[in-house]
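[1] only the shape, not the letters, is given here:
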C-alpha cells in the first residue's frame, strides 16, 4: 500500500514472520527488497510510461545499494518506507530510503536509512549504452527531491 505525501513516496508494510531470522529480527536482505518494491510501485503509480519503456529496451540498472541500521524491528511491526530523490544526473539517479517504524500511539521511529544508485541504459543485453533519464521519470520524481526532512541528519 502506498500513501501520498508531498515530500516522499511512501510504501506501507507490515513485517511478516518470513522476513525475520532465527532470533526474530528482520533479516537485512528484506530492507533491500523493500527498496526495490518501493521503486517498482513508484513507477507503476507515478510513471507508468517508463514501465512501457522498460518493456521495450530501457534498463534501470541498480549500481549500488546500502542500508544503515539504527534499531531492530520484528514481525508485525508497521513500517513506512519513504523514498526521496537525492540526486539526478543525465544518466543516473540516486534515491534515499527512510525506514520508519510506526507506533500504535502515532509515534514514529527511524530504524534504518538506505540509498540506491540507478543507471539508465538502452540497447540489447550485449551492447547496452548509457541513456538519458526519461523525461517522464524526471518529472514524476521532481516532487520527491530531497529536502530537509524531519529525519535529515538524525540517527534515531
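    Sure thing, it's come through. Since the structure is predicted, the reported quantities are computational estimates derived from the model, not experimental observations.

[2] and residue 18, what are its phi and psi?
    phi -60, psi -10 (degrees, to the nearest 10).

[3] state the distance from it to residue 70.
    The spacing between residue 18 and residue 70, counted by C-beta to C-beta, to the nearest Å, is 23 Å. (Glycine included, C-beta is placed from N, CA and C.)

[4] with neighbour numbers in mind, choose between these two.
    residue 70 (13 against 8; other C-beta atoms under 10 Å).

[5] my understanding was that that one contacts residue 100; is that so?
    No. Counting by C-beta atoms under 8 Å, residue 70 does not reach residue 100; the two are 10.8 Å apart.

[6] what about the helices in the protein?
    For the chain, the helices defined by DSSP state H occupy 29-46, 48-56, 135-141.

[7] and the first one, what does it pack onto?
    Identification of packing neighbours for helix 29-46 by 3 or more C-beta pairs under 8 Å, 6 or more residues apart in numbering; DSSP states H and E yields strand 2-3, strand 9-14, helix 48-56, strand 58-69, strand 78-88, strand 92-102, strand 108-122, helix 135-141.

[8] at 7 Å instead, please
    Helix 29-46 makes packing contacts with strand 9-14, helix 48-56, strand 58-69, strand 78-88, strand 92-102, strand 108-122 when contacts are defined by 3 or more C-beta pairs under 7 Å, 6 or more residues apart in numbering; DSSP states H and E.
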